[in-house]
Structure formats: structure tokens, C-alpha cells
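>>> Structure for the following, please:
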Amino acid sequence: MSPYVEPNPKEWPPGEPIWYDLVANVVHEAVRTREDVVDSGEERKTWKVQLKNKATGEWVVCQDLYVDKVQSELLYLGETYLQIWERRREPNKGKGRAS
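Numbers count the residues shown, from 1 in each chain. Got it, this is the predicted structure:
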């Protein structure tokens, strides 16, 4: 996996941390359709995709044809099934530095 994970040492300074940014989050929600039965087994399952707009830095949630803005603090409240991360292309652009 090293060729796919480790950056090129000619372009990336040795010892510099490798930073990743979350770009997408796939969430699953299961809602009971009948409130009067505890274990009816009848659920309405929905899938949502939370995407980061790189131009504005804002997050949106997409479900079918609906697209709404969402606060980044609320991203991790759902049951996440898949996260997509992107490695930063520029060194020294992280929030911290390795000592």
C-alpha cells in the first residue's frame, strides 16, 4: 500500500505529517413505520450523502432529490457507513506541525 499512501519524498518533506480531509460521509437511517409496536420489524430505511463543497467549505446533505445545508458539527450524529477522505496535496497546510 505504500505507493498509494506515502507521498513522494521529492515533493513532500520527510517528517512532515500527512493530513487528510473528510470530503464525503454516507449515512444510513432506519425509522420505525409503526410507533405502537415495539418490535414490528417494519422500518423505513433511508440513505443520505453528506458532501463538502470545496469552493465554499460548506457541507450539504443529499437524499434523493433533496439537497440541504448542514452544519459540520452535526455530521457525526448519524450512523455512518462509509467515509471518503482526501489527502492534502500541499505540505505545511495542516493545522499542526510535527516536532
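>>> how about the strands in the chain?
Remark: strands assigned in the chain by DSSP state E are 20-32, 43-52, 59-63, 66-70, 79-87.
>>> Of the ones you listed, which is nearest residue 14?
strand 79-87 (16.3 Å; Cβ to Cβ). To be clear about C-beta, it is placed using only N, CA and C from the backbone, and glycine gets the same treatment.
>>> So which elements touch the closest one?
On a contact count with 3 or more Cβ pairs under 8 Å, 6 or more residues apart in numbering; DSSP states H and E, strand 79-87 meets strand 20-32.
>>> quick one: low-confidence ranges for the chain?
The chain contains residues with pLDDT under 70 at 1-4, 33-41, 91-99.
>>> contacting residues for residue 60?
If a contact means Cβ atoms under 8 Å, 6 or more residues apart in numbering, then residue 60 has 50, 51, 53, 67, 68, 69, 70 as its contacts.
>>> Max pairwise distance over the residues you listed: which two?
53 and 68 (12.5 Å).
>>> Point out the most buried one among the strands of the chain.
Using mean count of other Cβ atoms under 10 Å, the stretch among the strands of the chain with the greatest mean number of neighbours is strand 59-63 (a mean of 16).
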